[in-house]
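Chemist: here's my sequence, what's the structure:
(chains A and B)
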Amino acid sequence: MTSPSVESLVQREYKYGFVTDIEADSIPKGLSEDVVRLISGKKDEPAWLLEWRLKAYRGWLKMTEPHWPNVTYKPIDYQNVIYYSAPKNKTKLASLDDADPKLIETYQKLGIPLNEQKLLAGVAVDAIFDSVSVGTTYKARLMEQGIIFCSFSEAVREHPELVQKYLGSVVPASDNFFAALNSAVFSDGSFVYVPKGVRCPMELSTYFRINTAETGQFERTLIVADEGAYVSYLEGCTAPKRDENQLHAAVVELVALPGATIKYSTVQNWYAGDEHGVGGIFNFVTKRGKAMEKAKISWTQVETGSAITWKYPSVILQGDDSVGEFYSVAVVNGRQQADTGTKMIHIGKNSKSTVVSKGISAGQGNSSYRGLVKMLPRASGSRNYTQCDSMLIGNKCGAHTFPYIDVQNATSDVEHEASTSKIGEDQIFYCKQRGLNTENAISLIVNGFCKEVFKELPMEFAVEAQKLLGVSLEGSVG
Amino acid sequence: MSMLEIRNLSASAGEREILRGVSLTVNAGEVHAIMGPNGSGKSTLAQVLAGHPSYTVTGGEVTYEGEDLLDLEPEERAQKGVFLAFQYPVEIPGVTNAYFLRAAYNEIRKAKGLEEVDPMDFIDVLEEKLKVVEWGPEIMSRFVNAGFSGGEKKRNEILQMAVMEPKLAILDETDSGLDIDALRIVASGVNRLRRPENATIVVTHYQRLLNYIVPDFVHVLVGGRIVKSGGKELALELEARGYEWIEDLAGTGAIA
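Modeler: Now for the predicted structure:
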């Protein structure tokens, strides 16, 4: 996994060669209408969904890749990507000994149990670790309350009316280049529906449906909280995942109906590439939620992985008295680049939004906060508070802030605070004088810097995130 | 064997030479006061002993418990029992005092080959330590030194000292900026931590603190050298006569 460029991956797959029965489940590289039809056909999708995909594809053909983000990379050849590969065809490693030792070292530092290490590293797992039964137990408990939590494909089969009603209602297929690409070729993902007035009794985590976690590079998530419902959803995992796809273009849509609350937490720690900037995931994600009257959507993200992150989890504050929140920690080290932030679009009256962004740049990393706060004419009495802090570690990294503020009425309040600090030699020396080594000192100081965001994470996630931060910043000071 | 043996120590900050051949021997059980006018190199000596990266040792040697102290990383010195109470304690926003103290406590334990303590057990440890500085538990949820008054910061240094139980404590101008009540609390905290097997170096400009922490030896540092040593009565003499006579005695002016 040291150099997963699209090209080398394609070559590797051919080098090892698929046997005939596997070939039946993978398709040649490249993208065309036929490929979109093929993907839809393999999943036995209804005609309306195929039409939706085709429309997205035709739209995508007329779009150009966005180059406004503050990141640089070599052009992506979209005809050199395999757009469909059934999960079961993933080549499995025989044992952990075959996995990248660096990966295993990180798992150990994070305290990941052995069986989970195997799963993450892509080792064939025996039947003793029965994730399916774990998933089934949860599912039964959720079903008692009418909560649907399943893979996207299953939702298309079992609950087509819900999918058809809400798919693309927040992120239309035509929204942007990567969202359009995802809409045309998305492979699988998660679907959640929480009925009226139901409070989901547990944090929903992709972890619990690990058997379907191999959703590939074009993931699609749709979460609908009906009136007065509550759900907290955890995406990702602190462990870096073995992943052979370089380009990831996911779409997440959240629909919070009147009075509902959706809390969406992400820890993203995909492969960041090596110290020379070779390899690593391009994480180009569109995440957006729509909050109706008195509804609340809260995004919390801890982004430490990927070579390039391009991601703006946003909230459309559609209803009166709706609430949008964005809490973010983005860490770049080595040669990583991140252009991330949020959009808060205030449409409803007296809507409120809060943005707290903590950017940490180390090594030769480059981090940008890009945020839009827009108060439309109707959104009288609305408020936004934005706090945007950057911390620099070392002399070769960069931090940038691009706030866009657009207020179209006279009664809204927008506050923006920003700070940039360099991790102080005095702070590090103080910690060292108290017995901490440099790496632990940096980890402690940075964790303190991120406190306001970590406290928004569910407890167990927060503990993992703190450890992760330490691991991510290792070697950041020479 | 002495606990600390400083021989002919010279150090500079950038181009500027600050210490010019300091020699000092400290034995277990002793309290040494280092006095001197502003700019004489008192704080530099304290920082160099703790290993601050802003200073370069240009000559001489320092032996601590038979080991070359200057060869150790700052954290190794701390783990081996060298503690510096900072003149200007550093703020660490977002990190609670409880977390910070436990991290420090566990580093010391690890260095001694002991098991780390978890947050629950650490509460018991703290209860005793808080008494040393006459503080309640509410201080533990505040962020390290952030928004602390000058007096609170100094008390917090002594609390850290109580938790880390150093062999050699170096107090750098711990009395500066303290009102009389805070001075009493800080000084009595230091006294409560005194043990026959430990030693203390008190760096101070004024004699005031030495009314509370009574030194066995007083050294006067002028122009980066110890120009006079004596018993505690020397401190009183300095208080009465100022530093000028001693600067004249040394035949050298203080570095401005």
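Chemist: which stretches in chain B count as strands?
Modeler: Counting by DSSP state E, residue ranges of the strands within chain B are B:4-13, B:16-26, B:31-35, B:56-64, B:67-68, B:82-85, B:92-96, B:143-144, B:168-172, B:199-204, B:217-222, B:225-230.
Chemist: I'd like the average pLDDT over the longest one.
Modeler: In this model, strand B:16-26 has an average pLDDT of 94.
Chemist: one more: the fifth one?
Modeler: Here strand B:67-68 scores 96 as its mean pLDDT.
Chemist: quick check, distance from that strand to the centre of its chain.
Modeler: Going by Cα atoms, centre = their mean, to the nearest Å, the spacing between the C-alpha centre of strand B:67-68 and its chain's C-alpha centre is 19 Å.
Chemist: other SSEs contacting it?
Modeler: Counting contacts by 3 or more Cβ pairs under 8 Å, 6 or more residues apart in numbering or on different chains; DSSP states H and E, there are no secondary-structure elements packed against strand B:67-68. C-betas here are computed from N, CA, C, even on glycine.
Chemist: pairing partners for that strand, with directions?
Modeler: Its sheet considered, strand B:67-68 pairs with strand B:56-64 (antiparallel) by DSSP bridges.
Chemist: gap between the partner strand and the chain center?
Modeler: Here the centre of mass of C-alpha atoms in strand B:56-64, compared against the chain's by Cα atoms, centre = their mean, lies 18 Å away.
Chemist: which SS class is A:Lys294?
Modeler: With DSSP: H, G, I helix; E, B strand; the rest coil as the basis, the three-state label of A:Lys294 is coil.
Chemist: quick check on it: phi, psi?
Modeler: Geometry field for A:Lys294 lists phi and psi as phi 60, psi 20, criterion degrees, to the nearest 10.
Chemist: do B:Met3 as well
Modeler: B:Met3 has phi and psi values of phi -70, psi -50 when expressed as degrees, to the nearest 10.
Chemist: can you tell me how far it sits from A:Asn182?
Modeler: Here B:Met3 is placed at a distance of 67 Å from A:Asn182 (Cβ to Cβ, to the nearest Å).
Chemist: okay, the strands of chain B in a markdown table with mean neighbour count and distance to B:Arg155 next?
Modeler: Written out in a markdown table, the entries for the strands of chain B read as follows (neighbours: other Cβ atoms under 10 Å in any protein chain shown; distance: least, Cβ to Cβ, whole Å):
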| stretch | mean neighbour count | distance to B:Arg155 |
| --- | --- | --- |
| strand B:4-13 | 19 | 26 |
| strand B:16-26 | 18 | 25 |
| strand B:31-35 | 24 | 20 |
| strand B:56-64 | 16 | 27 |
| strand B:67-68 | 12 | 31 |
| strand B:82-85 | 26 | 10 |
| strand B:92-96 | 20 | 16 |
| strand B:143-144 | 23 | 13 |
| strand B:168-172 | 25 | 13 |
| strand B:199-204 | 25 | 16 |
| strand B:217-222 | 24 | 25 |
| strand B:225-230 | 17 | 30 |
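Chemist: now do the residue in the stretch 151-256 of chain B that chain A sits nearest to, the pLDDT please.
Modeler: Going by Cβ to the nearest Cβ, chain A is nearest to B:Gln160 of the stretch 151-256 of chain B, at 6.5 Å. In the prediction, the pLDDT value recorded for B:Gln160 is 95.
Chemist: cool, and A:Glu116?
Modeler: Spelled out, the predicted local distance difference test score at A:Glu116 is 63.
Chemist: number of nearby residues for A:Asp413?
Modeler: Applying other Cβ atoms under 10 Å in any protein chain shown, we find 12 residues neighbouring A:Asp413.
Chemist: bridging residues for the residue nearest to it when sequence neighbours are not counted?
Modeler: The shortest distance from A:Asp413 to any non-neighbouring residue, by Cβ to Cβ, 6 or more residues apart in numbering or on different chains, is to A:Arg383 (4.6 Å). When assigned by DSSP bridges, A:Arg383 has beta-bridge partners A:Lys352, A:Asp413.
Chemist: was I right to think A:Arg383 contacts A:Val407?
Modeler: No. Taking Cβ atoms under 8 Å as the definition, A:Arg383 is not a contact partner of A:Val407, at 11.0 Å.
Chemist: so what sits against both of these two?
Modeler: Between them, A:Arg383 and A:Val407 have A:Val414 as joint contacts when contacts are counted by Cβ atoms under 8 Å, 6 or more residues apart in numbering or on different chains.
Chemist: so which residues on the stretch 1-150 of chain B come close to chain A?
Modeler: Taking Cβ under 8 Å from any Cβ of the partner chain as the test, the list of the stretch 1-150 of chain B residues beside chain A reads B:50-54, B:73-75, B:77-79, B:83-84, B:86, B:89-90, B:92-95, B:99-100, B:103-104, B:107-108, B:111, B:143-144.
Chemist: rewinding a little: so the residue of the stretch 151-256 of chain B closest to chain A is in contact with B:Leu101, correct?
Modeler: Yes. Contact criterion Cβ under 8 Å: B:Gln160 and B:Leu101 qualify, at 6.5 Å.
Chemist: more neighbours, these two?
Modeler: Under the criterion of other Cβ under 10 Å, the comparison of B:Gln160 against B:Leu101 puts B:Gln160 first, with 26 against 23.
Chemist: please name the residues that touch the more buried one.
Modeler: Applying Cβ under 8 Å, 6+ apart, one finds that B:Gln160 lies in contact with A:Arg434, B:Phe83, B:Ala85, B:Leu101, B:Ala104.
Chemist: how about the helices of the stretch 51-200 of chain A, start to end?
Modeler: The residue ranges that make up the helices of the stretch 51-200 of chain A, judged by DSSP state H, counting those that start in this stretch, are A:101-110, A:114-121, A:131-144, A:152-158, A:160-166, A:177-185.
Chemist: which pLDDT value goes with the closest residue to chain B within the stretch 151-300 of chain A?
Modeler: Taking Cβ to the nearest Cβ as the measure, the stretch 151-300 of chain A has A:Thr300 as its residue closest to chain B, at 16.1 Å. pLDDT, A:Thr300: 93.
Chemist: over to A:Leu469?
Modeler: A:Leu469 is assigned a predicted lDDT (pLDDT) of 76.
Chemist: quick one: the helix or strand hosting it near chain B?
Modeler: A:Leu469 belongs to helix A:459-472 when assigned by DSSP states H and E. No. Figure legend: helix A:459-472 not in contact with chain B (Cβ under 8 Å from any Cβ); closest approach 10.2 Å.
Chemist: could you list the buried residues of that helix?
Modeler: Residues of helix A:459-472 classed as buried by neighbour count (16 or more other Cβ atoms under 10 Å in any protein chain shown): A:Phe461, A:Ala462, A:Glu464, A:Ala465, A:Gln466, A:Leu468, A:Leu469, A:Gly470, A:Val471, A:Ser472.
Chemist: surely the second one meets A:Glu452?
Modeler: If I follow you right, that is A:Ala462. No. Assessed by Cβ under 8 Å, A:Ala462 is found out of contact with A:Glu452, at 11.8 Å.
Chemist: against A:Lys42, how distant is the nearest residue to A:Ile82 once chain neighbours are set aside?
Modeler: Excluding its sequence neighbours, the residue lying closest to A:Ile82 (Cβ to Cβ, 6+ apart) is A:Lys29, at 4.8 Å. The gap separating A:Lys29 from A:Lys42 is 16 Å, by Cβ to Cβ.
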